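>>> Okay, here's the prediction I keep looking at, along with the sequence it came from:
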Amino acid sequence: MLELRPDCECCGRELSPQSTEAFICSFECTFCSECVTGILKGCCPNCQGERVRRPVRPDAALLKYPAATRRYYSAKPTVSEE
């Protein structure tokens, strides 16, 4: 089950469980679309993996399987600006 993390690990932007602006890698590192296309250039700074849009969990499923509340905001991207 996906964790559905509540924020972008790069900029701290809030990402609701229904957000279509959330992107994840295979380890569920979570970033907003702005950071993915901008500073991160489509690559996860933690695992170097591919970023894909996070699926939206239906409201009924959120009641039984709520989104995560732990935040992973790092305030410092680790991908170089080449």
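Cool, got the structure. Numbering: from 1, shown residues only.

>>> can you give me the strands in this protein?
For the chain, the strands defined by DSSP state E cover 22-24, 30-32, 52-53.

>>> which residues does the residue nearest to residue 9 when sequence neighbours are not counted contact?
Closest residue to residue 9 apart from its sequence neighbours, by C-beta to C-beta, 6 or more residues apart in numbering: residue 72 at 4.6 Å. C-beta: built from backbone N, CA, C; applies to glycine. By C-beta atoms under 8 Å, 6 or more residues apart in numbering, the contact list for residue 72 reads 5, 7, 9, 29, 30.

>>> Just the pLDDT at the third one, thanks.
Put plainly, it is residue 9. With respect to pLDDT, residue 9 scores 94.

>>> one step back: take the strands of the chain and write them to TSV, including mean pLDDT.
Below are the strands of the chain laid out as TSV (pLDDT from 0 to 100):
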stretch	mean pLDDT
strand 22-24	97
strand 30-32	96
strand 52-53	96
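
>>> ranking those strands by burial, who's on top?
Neighbour counts (mean count of other C-beta atoms under 10 Å) averaged over each of the strands of the chain peak at strand 30-32, with a mean of 27.

>>> Quick check: bridge partners of the residue most central in space within the chain?
Nearest residue to the geometric centre of the chain (C-alpha atoms, centre = their mean): residue 30, 1.7 Å. Judged by DSSP bridges, the bridge partners of residue 30 are residue 24.

>>> what about it, distance to residue 60?
Noted for residue 30: a distance of 22 Å to residue 60, by C-beta to C-beta, to the nearest Å.
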